[in-house]
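Undergrad: Sequence and computational prediction follow.
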Amino acid sequence: MTNISGKLREKLERICEIKAPEVVHRNYSKDGTRKWVFRVGDGAGSLVETVLIPAEDKTGSRKTLCISSQVGCALDCSFCSTGKQGFQRDLTPDEIIGQLWVANYSYMEEVPVAERERSVTNVVMMGMGEPLLNYDAVLSSMNIMLDDFAYGMSKRRVTLSTSGVVPKIDQLAQDIDVALAISLHAPNDELRNELVPINKKYPLAQLIAACQRYIAKDGNESSRKHVTIEYVMLEGVNDHPEHAQQMIKLLKNLPSKINLIPFNPFPHAPYGRSSRNRIISFQKTLHVVMILMLRVGSWSGKWQIVPVVQSSGKRKLLNVVRLFVHKLKDL
């Protein structure tokens, strides 16, 4: 860098380090999905995973990157194996942005020149951890994603997913304009207290009100026209017809799109996956009055959707990444 003084270069060399996260494992599927396991921190470090998911949309080829914000998670959702690992630490902004850098760089290196025009097109903070509990680092990272002098991503193409840290949703509305997704998973407080324990602190009425305020902050902005609702389908737990009716009532005043996710069991999971017929029936009930998304992927073999390597070295389900599932015919 000859455009800065030698003295400043020497200082930067002493106090700064520029390096990408260490890739310890990568896996590709036939449908183009790419997965990286990164080692973060010094020494043995901790492991987090990033997933690049391709899909076709009206603008062409969409490539969505699911990014982790923490090593482990403190929220202990009962259906989530990440929570069973416990919370280890927050990721730093460079560790968060580093996931995007590696995904972009790796993709550009691996595809033909003619296909390099669009690498990562969308980012979702839906990976390991609760993004709003690592607020400052996540906010800094998303600002870099949006900055025209950095990644220059559209605010419509950056999404943050939260289990419902209500005060931070309000703060997010003031600090940045990105899309919002909610890990709902239950349409009433009694059940959500069991599945998503943070609901005991911030019950559904507070969460829905925060979502309404988030949309109202900049009502005409395209990134805030609706909230995406994530709902994992658990056999005999949250998949009954009355749950669909309760969801309709809960969300009637909140512009939203619903993403139903068939549960992918992990070892010793206390739940099973809802049957195909139950999911379709649930979908039809909601579809009468709501916009619904049911995303289906094409994973085969013994890899489940977006497994992650724990610090112990074992793979586990990163259930907070919820854009794609096994083919419904395999349910």
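TA: Right, received. Where do you want to start? Numbers count the residues shown, from 1 in each chain.
Undergrad: contacts and neighbour counts: CA atoms only from here.
TA: Noted.
Undergrad: which intervals of the stretch 101-250 of the chain have sub-threshold pLDDT?
TA: For the stretch 101-250 of the chain, the stretches flagged by pLDDT under 70 are 111-118, 218-223.
Undergrad: can you give me the strands in it?
TA: 122-125, 158-162, 179-183, 227-233 (DSSP state E, counting those that start in this stretch).
Undergrad: pull the longest strand from this structure.
TA: Counting by DSSP state E, the longest strand found in the chain is strand 46-57.
Undergrad: quick one: M247 from P187, how far?
TA: Here the criterion is C-alpha to C-alpha, to the nearest Å. By it, M247 lies 5 Å from P187.
Undergrad: nope, K257 is what I meant
TA: Taken as C-alpha to C-alpha, the span from K257 to P187 is 15 Å.
Undergrad: And these two? Which one has more around it.
TA: Using other C-alpha atoms under 10 Å, the more surrounded residue of K257 and P187 is P187, with 21 against 17.
Undergrad: you'd agree the more buried one is up against P241?
TA: No: taking contacts as C-alpha atoms under 8 Å, P187 lies outside contact range of P241: 11.5 Å.
Undergrad: For burial, what's the neighbour tally of K11?
TA: Residues within reach of K11, counting by other C-alpha under 10 Å, total 10.
Undergrad: Please identify the helix or strand for it.
TA: Following DSSP states H and E, one finds K11 within helix 6-15.
Undergrad: give me the element L65 is part of.
TA: Taking DSSP H and E as the criterion, L65 maps to strand 60-66.
Undergrad: How far off centre is the longest strand of the chain?
TA: Relative to its parent chain, strand 46-57 has a centroid offset of 9 Å by C-alpha atoms, centre = their mean, to the nearest Å.
Undergrad: what is the orientation angle of it with strand 60-66?
TA: Between strand 46-57 and strand 60-66, the angle comes out at 160 degrees (axes from the mean of the first three to the mean of the last three C-alpha atoms, to 10 degrees).
Undergrad: Give me the contact list for strand 46-57.
TA: By C-alpha atoms under 8 Å, 6 or more residues apart in numbering, the residues outside strand 46-57 that reach it are 31-40, 61-68, 70-71, 99, 103, 120, 127-128, 306, 308-311.
Undergrad: Please list only the buried members of those residues.
TA: The neighbour-count test (16 or more other C-alpha atoms under 10 Å) marks 33-40, 62-68, 70-71, 99, 103, 120, 127-128, 306, 308-311 as buried among those.
Undergrad: Out of these, list just those in helices.
TA: Of these, the ones assigned to helices by DSSP state H are 99, 103.
Undergrad: For the stretch 101-250 of the chain, which segments count as helices?
TA: Along the stretch 101-250 of the chain, the stretches classed as helices by DSSP state H, counting those that start in this stretch are 135-146, 166-175, 189-195, 204-217, 241-250.
Undergrad: can the strands of the stretch 101-250 of the chain go into CSV with extra columns for mean neighbour count and distance to C77?
TA: Shown next, in CSV, are the strands of the stretch 101-250 of the chain (neighbours: other C-alpha atoms under 10 Å; distance: least, C-alpha to C-alpha, whole Å):
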stretch, mean neighbour count, distance to C77
strand 122-125, 23, 17
strand 158-162, 23, 12
strand 179-183, 23, 10
strand 227-233, 22, 12
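Undergrad: who wins for proximity to L286 among the ones you listed?
TA: Taking C-alpha to C-alpha, strand 227-233 is the member of the strands of the stretch 101-250 of the chain nearest to L286, at 12.2 Å.
Undergrad: what about dumping the CA coordinates of that closest one to CSV?
TA: Only the C-alpha atoms of strand 227-233 are listed here, as CSV (Å, rounded to 0.1, in the frame of the first residue of the first chain):
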residue,chain,number,x,y,z
VAL,A,227,-41.6,-10.4,8.3
THR,A,228,-40.7,-14.0,7.5
ILE,A,229,-42.0,-16.5,10.0
GLU,A,230,-39.9,-19.7,10.6
TYR,A,231,-41.9,-22.6,11.8
VAL,A,232,-40.3,-26.1,12.3
MET,A,233,-42.9,-28.9,12.1
